[in-house]
Every structure is written in C-alpha cells, then in structure tokens.
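A.B. asks: attaching a predicted model along with its sequence, questions to come.
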Amino acid sequence: MTNLLQVRDVHASYGHAQALFGVSFDVRAGEVVTLLGRNGMGRSTTVKCLFGMLPLKAGAISFGGKPLASLASHHIARLGLGLVPEGRQVFANLSVEENLVATARAPRHTQRSLQPWDLERVYRFFPRLKERRGNHGWQLSGGEQQMLAIGRALMTNPLLLVLDEATEGLAPIIRAEIWAALAALKAEGLSQIVIDKNVGALLKFADRHVVLEKGKVVWQGSSEALRAEPHIVQQYMGVS
C-alpha cells in the first residue's frame, strides 16, 4: 500500500505552550490508524494540525504527495480529508438533510475505485437519518448526531476520514452501530484515522496504532503487536 498521509517531525504550540514534540506517522491507502493516549496528550492537537486549524512550528504534513502546512482548512478538505469533529458540531438550527447537503462535494477523479457518496447513499448507510431527515440538529439524540456528523463528512467524498472521539458519550448499542459503520467503510477501502478510548473495539478493526504521551509518539505498531504488549495500553491510557 502507498502512503496517503505523511506526518513528519511535527512540532506545534498553543502560544508559548508547546503541545507536539516531533510527531511522525503515516496512513496508507485503505488503512485504519488510531491515535491513542490520555486526554491532553496531543491527539486532538494532531488533528488540528492535519486540517490547518493550528500552524506547525516545525515539521511537515503531506497528503497524496501535496504539502498541507501552508493551506487553509477548506483547501485541505477539498484535497480529500473529511473530519468528524469531537463533540459532533452539527448545525443545530438546520435539518438533517440541510446538514448533509451543506458541505457536499462531488467525488474527485482520484476516487474512481470508491463508490461515490450522495444523499441517498448516506440514507441507506444510516436509515435513522432518513427517518429524521426533517428534524433539526438540536432535536437529535447524541447517537443520531454522531451518525449525522459522519454522514456529513462522507458527503464530502473523502479519501481519508478522521474521527475525533468516535463514540464518546454514546450508549453501548449506539457505539456498536458506529463501530459496525466504520468497519463497513474500511471494507470499502476508505482510509481512516480514529481517536477513541475503546481500545478493545479499535483492536478488532484497526490496522495500526500510534500512542501519544505528552505530545510525543511513544509507541507505534499493529493490532497484533499491541495485543502482545498489554502494558502499553495500561501505561499510556490507564485502562486494561
């Protein structure tokens, strides 16, 4: 598999407080990579750097061979990065359908091997959204809002889908639906970066894992390798 995303020696700060110290990792075409670690260790900051929401102090990020560091967020999105942000951030005063069409983009010529996403396909993927298509964002449950946030990102026809806190705050039955959806997207060949605290679920479908501690990558490896080193999860995430 070829590298779709390359993150090389990235340093970033919030004012005088440095948050990332030389973060490096890759995402290959069709691969699912997780960013693991406790809150405040640099996972969401890394996502902000990917989407141009936080400038780099040093290092480089490239997507499909194109450098991202000097690009605005909307230009980065047009290259094929889709974001499902932490907290969902759906448009509360727009209907489900209005949320979905607000950011819709046609597939890129580089996506001929992927089935394009449009309104009807999102409704087939998440039937609950079709049932609630006329409801406003504020009228949805947390699980429905997360489905809407994923559907909205898919409507941009991304090459790489990035999910920040994929199942945070959701009921177990809804979490299972989200994990099934992400596994289905992987089966179709859509690359993903997933941030979540449910390591057990991530081990079942992710290919590789990047563990962050205090803004540094302290471990990288496959699901098989992480299963063989359970102390890594305990040490850097504080869970078993």
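C.D. replies: Here it is on my side, so go on. Keep in mind that what you see is a predicted model, and the values were worked out from it rather than measured. Numbers count the residues shown, from 1 in each chain.

A.B. asks: would you map the strands across the protein?
C.D. replies: Using DSSP state E, the strands assigned to the chain run over residues 3-14, 17-28, 32-36, 58-63, 66-67, 81-84, 160-164, 191-195, 208-213, 216-222.

A.B. asks: any chance of those strands in CSV, with distance to residue 137 and mean pLDDT too?
C.D. replies: In short, each C-beta sits where N, CA and C put it, glycine included. Supplementary listing: those in CSV, determined by distance: least, C-beta to C-beta, whole Å; pLDDT from 0 to 100:
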stretch, distance to residue 137, mean pLDDT
strand 3-14, 29, 96
strand 17-28, 30, 96
strand 32-36, 27, 97
strand 58-63, 29, 97
strand 66-67, 33, 94
strand 81-84, 14, 95
strand 160-164, 18, 96
strand 191-195, 22, 97
strand 208-213, 31, 96
strand 216-222, 36, 96
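
A.B. asks: of all the ones you listed, which one is nearest residue 236?
C.D. replies: The closest approach between residue 236 and any of the strands of the chain, judged by C-beta to C-beta, belongs to strand 208-213 at 5.1 Å.

A.B. asks: on contacts alone, who are the packing partners of the closest one?
C.D. replies: Helices and strands in packing contact with strand 208-213 are listed as strand 32-36, strand 216-222, helix 223-227, helix 230-237; criterion 3 or more C-beta pairs under 8 Å, 6 or more residues apart in numbering; DSSP states H and E.

A.B. asks: elements contacting the last one?
C.D. replies: Contacting helix 230-237 under the criterion 3+ C-beta pairs under 8 Å, 6+ apart are the following elements: strand 32-36, strand 208-213, strand 216-222.

A.B. asks: buried residues in it?
C.D. replies: Residues of helix 230-237 classed as buried: 232, 233, 236, 237 (neighbour count, 16 or more other C-beta atoms under 10 Å).

A.B. asks: residue 143: which of the helices and strands packed on strand 208-213 is closest?
C.D. replies: Shortest separation from residue 143 across the helices and strands packed on strand 208-213 is recorded for strand 32-36, at 21.0 Å, computed as C-beta to C-beta.
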